[in-house]
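> Structure for the following, please:
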Amino acid sequence: MIHIMDEQKKRGSLREEQARHTRELILEGLIRVMAHGNPTEITIPAVARESGVSVPTIYRYFSTKEELLKALGDYSMQRFQLAPPMPPQSPEDLVTMIQQVFSRYAESEELLRATALSEQLSETRDEMLPWRIKYVDLALESLAQRLSEQERIYLRTLVLILTTTSSVRAFTDYLDLSITEAIDTVAWMIRTLSKESSKES
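Numbering: from 1, shown residues only. Have a look, this model is predicted:
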């Protein structure tokens, strides 16, 4: 009896793993379709072709295209591992966190393009904004006492803009910098802004 239960548990676990793998295949196919740029070409058949699965298989996991697009938000966050376990406690901690996130972007070029270009993922970006503001505020807290309210807002806004996927793309696509050069530029900017803010106090 125990042997039968173990076998059933093993089969259930294999099915779950296979379902997770198929779901990832579909989402990776969606990323490739989106990375090619034209939002009107995001169709279930196009995603099926890119994923190497059938259209009915996609509908087994995602009942509508909207549901599929929405699932990409959570998947992106998992792939980028955007929420580190410990919030940054200083500008230098923030630089380290940004270096890690930008490095993950470099490993996921197509995902970066898909998330940066997708209007459908704006909801996810909106949901993440309070989290990002909180992390930046924590990192800049040591400077906050020395700055006026308006200066804190300016500093936070600049740091938030510098650390978006759009900024990463601007560095790499428009300025033809490598991810390493983009990381170094953003790190320099945050350190410089922090030093200047400290001097002004």
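
> So the protein: which segments form each domain?
As recorded under automatic domain parsing, the domains making up the chain are 2-63, 80-200.

> quick one, phi psi at Glu151?
Backbone torsions for Glu151, taken as degrees, to the nearest 10, come to phi -60, psi -40.

> same check, this time on the one 10 residues further on
In terms of degrees, to the nearest 10, the main-chain angles of Ile161 are phi -70, psi -40.

> change the start of the numbering to 16 and stick with it
Fine by me, first position is 16 from now on; the one you just mentioned is Ile176.

> Leu87 is in contact with Arg47, isn't it?
No - assessed by CB atoms under 8 Å, Leu87 is found out of contact with Arg47, at 11.8 Å. Using the backbone N, CA and C atoms, a C-beta is placed for each residue, glycine as well.

> Who has more neighbours out of those two?
Shown here are Leu87 and Arg47; by other CB atoms under 10 Å, Leu87 has more neighbours (22 against 17).

> Provide the secondary structure category for the more buried one.
Going by DSSP: H, G, I helix; E, B strand; the rest coil, the secondary structure assigned to Leu87 is helix.

> now the helix or strand hosting Trp146, how far from the chain's geometric center?
Trp146 belongs to helix 137-154 when assigned by DSSP states H and E. Helix 137-154 has its C-alpha centroid displaced from the chain centroid by 12 Å (CA atoms, centre = their mean, to the nearest Å).

> Going by contacts, tell me the helices and strands next to the helix or strand following that helix.
Sequence-wise, the next helix or strand downstream of helix 137-154 (DSSP H and E) is helix 156-159. Packed against helix 156-159 by the contact rule (3 or more CB pairs under 8 Å, 6 or more residues apart in numbering; DSSP states H and E) you find helix 164-177, helix 194-215.

> Least confident secondary structure element in the protein?
helix 124-132 (a mean of 61; mean pLDDT, DSSP states H and E).

> buried residues in the helix or strand where Met112 lies?
Met112 belongs to helix 106-122 when elements are defined using DSSP H and E. Within helix 106-122, the residues scored as buried using 16 or more other CB atoms under 10 Å are Pro106, Asp108, Leu109, Val110, Met112, Ile113, Gln114, Val116, Phe117, Arg119, Tyr120.
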